[in-house]
Every structure is written in structure tokens, then in C-alpha cells.
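Peer 1: predicted model and sequence follow; I will ask about them next.
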Amino acid sequence: MGNGVAQEAIAPARAPAEIIVPLTERVMARLPGPRWLWMLLWATWLLIILVVLRYLFPALLTVLFAEGETTLTFGFVTSYTMLVALWAVGKLGRDVVALGPTVVRLTQGRLAEGEPFRAVGSAWGPLVFMAIVTIPYGGVGFLKAPSLASALLVLAGFIGWLPLLTFGWVAGAVLLGLHRLGGTPLALPAFEVDRSLGLRPFGSLAFTPLAYGAVATPVLFLTGLRDLRDAIVSLGMLLVIVVLLFASLRRLRSQLLTAKASHLAWARSLFQHALDPIRTGDGVAGLRSGALELVAAEAIERRAAAIQEWPFDEGILRGIIAIVTSVTTAIVVRLVLSRLGL
């Protein structure tokens, strides 16, 4: 047993920042050259493959796509989506690392840096997620035209779509981590300076996956949203993201509301104590003697009443409403245009 402890002490422990690095970020960090270049190459990977196939194996594209002329449009749309996904994954990973010290401080050491978000750095999660998606879609394409070229196309699709599936995994891991953090008793700071009691960064973190949807919204006008079923699926996905966002923050909100009620009760008791001498005093003289205390108590009560009820400010709430409205409008407009043959 002593030897085991000694070996643990000798073995170098990975830093929290290394544990929660997302898969795509880990891959690009090990490649030579600038990160932005690999982001661009990875994002345009499927477009490059489609251009090559268009000239070398045009018959294969005819089988895989209903209309051969739409393949390049599909490639450009996919490239845009993957580039945004790579950006969003990198941002989520960096934000989670930056919040490590805050997690330790709020939980008073109950949770280590990065511990609630450990699944963000999982390599197997996105790969298994990607495999589950590849089997029904890539497998069907291979069965339609079984050949070495179609098999390589399935492999290329696995690599090309990995950023998007990694984003889905990382976003889910972040929201689950926020839910777990909310289940841990938190030592929230004073309300006089921060209306969110130190929880605003976590609300912003939960907002990032929805912001990705807003950035990716323009592609809805270029993709194959052709019928009501596609519109219902797209709107359903949007609804799930919004519901998960608020669900992930439910526990944090509960602690925020409890703290607000406690601070408000304390502030009102101060106001009451400041008001009592004025009520029992001798007219104007009593008012003069307790005026300063009353003004201070009233200011404290206003600050306590202004504590937020969600761990994000009003700007993010307006952003959520704007995103839901814009994406819904884009889906409906695209559906109408497709029905008109445009």
C-alpha cells in the first residue's frame, strides 16, 4: 500500500487545464503550424473531398446526392458550419478552464478546478457519438454504391463531421457540469458589488451553445429544408437546446434565489430597525436623528432587491429571445421558399 502511495506521489498529475481540453482542440494542438490554418483545413475538409469526387467519381456523387449540382453548395454550407463548431468548441474549452479558480472558490474546495466539466475533455465520447451517427448515414451511402471510393468517403465524412459532433458532446458536458455545480453548496459572495452573486460567468457559459446556433442560422437558407417534417425537427432541436440551457441553470438559480431571500430579509430588518426610532421619536427631531441610518438601510434594501433571479443579466435574456425568434423565422421562411420552388 505504501508503494502505491509513493508511485502516486511520483507520477506526474495532469493539470486541470489538460484534463478538460476538448478532442478537436487536443488534435490541433499536436499538429505543427498555426492553429487557425488547421481549423480552416478541417472545416473545408468535406468541401475538398467533394470537389475531388466531382471530377474523379461523378457517378458516386449522383448516387449519394439527389441532385449532383447541389454537392458544392452542401460542401460550402458544411464548411461554414464546421468552422463555427470548431470556434465554439475552443471557446467552451477556454471558458471552462478560466472558470476553474471560481469553481474552487465558490465550492470552498469541495470541487477541484475543472471537476464539474471533466467530460468536456473526453476523447471517447465524441468518437462514439460520431460512430453512432456515421453507421446509419455513411453505411447507407456505402450500401448504395459499395466500393473503395465510397468507403473512403465514409471515412472522410467521419473526419469531416467530427467537429460538429464534438461540439454537441462538449455542449452537453458543459450543461451537465453546470447542473452538477448547482447541486454543490456554494459560498456566494456579497451582493453589494455583484448582482449575480458571482454566478454571471456560468450563465454566460450556458449561453454559448445557443449563440453557436445563432451564428449558424444563415445556413438554414442554403440547406435542404424542404418540408414540414424538416421544419418540425429543426424547431424541436432549438426547443431542446433552450430547455437544456434553463434546466442546466435550475439548481444555480435555486441557490441564487435562496441567497436573495436571505439578503432581502436582512436588509428589510435593517430598514425596520432604522425606522423604529423615527416612529417612536419626537416628530422632526426623531427624523433628523435617524435620517442617515434610514437612507443607508433603504439603499441596502434596494441593492438586495436588485439581485438577479437567473445567473445571467438581462442582456443575455434578450439575446436568447432574439436567437429563438430569428432561428424560428429563418426556418419558416426557408420552408415557405422551398414550397414556392425557390
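Peer 2: Yep, that arrived.

Peer 1: please make it C-alpha for all contacts and neighbour counts, starting now.
Peer 2: OK.

Peer 1: biggest helix in the protein by residues?
Peer 2: Counting residues, the longest helix found in the chain (DSSP state H) is helix 148-182.

Peer 1: rounded mean pLDDT for that one, please.
Peer 2: Helix 148-182 shows a mean pLDDT of 85.

Peer 1: give the next helix or strand downstream of that helix.
Peer 2: Downstream of helix 148-182, the first helix or strand assigned by DSSP states H and E is helix 200-216.

Peer 1: for the most centrally placed residue in the chain, list the residues it contacts.
Peer 2: Centrality entry for the chain: nearest residue to the mean C-alpha point is P209, 3.2 Å, by CA atoms, centre = their mean. Shown in contact with P209 (CA atoms under 8 Å, 6 or more residues apart in numbering): A88, A171, I241.

Peer 1: my read: G100 touches P116, true?
Peer 2: No: counting by CA atoms under 8 Å, G100 does not reach P116; the two are 9.4 Å apart.

Peer 1: please say which of the two ends up with more neighbours.
Peer 2: Relative neighbour count places P116 above the other of G100 and P116, with 24 against 19, counting by other CA atoms under 10 Å.

Peer 1: can you count the residues close to the residue nearest to the more buried one when sequence neighbours are not counted?
Peer 2: Leaving aside its chain neighbours, P116 sits nearest to G177 (4.6 Å; criterion: CA to CA, 6 or more residues apart in numbering). By other CA under 10 Å, 23 other residues sit near G177.

Peer 1: poorly predicted segments of the stretch 101-250 of the chain, please.
Peer 2: For the stretch 101-250 of the chain, applying pLDDT under 70 flags the ranges 136-150, 213, 216-231, 233-234.

Peer 1: make it 80
Peer 2: 133-157, 191-193, 213-238 (pLDDT under 80).

Peer 1: what about F312, how many neighbours?
Peer 2: The burial count for F312: 23, using other CA under 10 Å.

Peer 1: just checking, it touches S196?
Peer 2: Yes: with contact defined as CA under 8 Å, F312 counts as touching S196 (7.0 Å).

Peer 1: residues contacting stretch 80-87, please?
Peer 2: Here stretch 80-87 makes contact (CA under 8 Å, 6+ apart) with 24, 39-40, 42-44, 160-161, 163-164, 167, 212, 215-216, 219.

Peer 1: so where does G125 fall, helix or strand?
Peer 2: helix 124-144.

Peer 1: what about F246, which SS state?
Peer 2: helix (DSSP: H, G, I helix; E, B strand; the rest coil).

Peer 1: helices along the stretch 201-342 of the chain, start to end?
Peer 2: Secondary structure of the stretch 201-342 of the chain (DSSP state H, counting those that start in this stretch): helices at 228-248, 250-280, 284-305, 314-339.

Peer 1: mind giving me the packing neighbours of the last one?
Peer 2: Identification of packing neighbours for helix 314-339 by 3 or more CA pairs under 8 Å, 6 or more residues apart in numbering; DSSP states H and E yields helix 200-216, helix 228-248.

Peer 1: and with 7 Å instead?
Peer 2: Judged by 3 or more CA pairs under 7 Å, 6 or more residues apart in numbering; DSSP states H and E, helix 314-339 is in contact with helix 228-248.

Peer 1: the first one too?
Peer 2: Secondary-structure packing of helix 228-248 (3+ CA pairs under 7 Å, 6+ apart): helix 148-182, helix 314-339.

Peer 1: now do the longest one: which elements does it pack against?
Peer 2: Using 3+ CA pairs under 7 Å, 6+ apart, the elements in contact with helix 148-182 are helix 45-56, helix 71-98, helix 124-144, helix 228-248, helix 250-280.

Peer 1: chain center to the longest one: distance?
Peer 2: Meaning helix 250-280. 34 Å (CA atoms, centre = their mean, to the nearest Å).

Peer 1: so which bits of that helix are buried?
Peer 2: Using 16 or more other CA atoms under 10 Å as the test for burial, helix 250-280 gives 250-253, 255-257, 259-260, 263-264, 266-268, 270-271, 274-275, 277-278.
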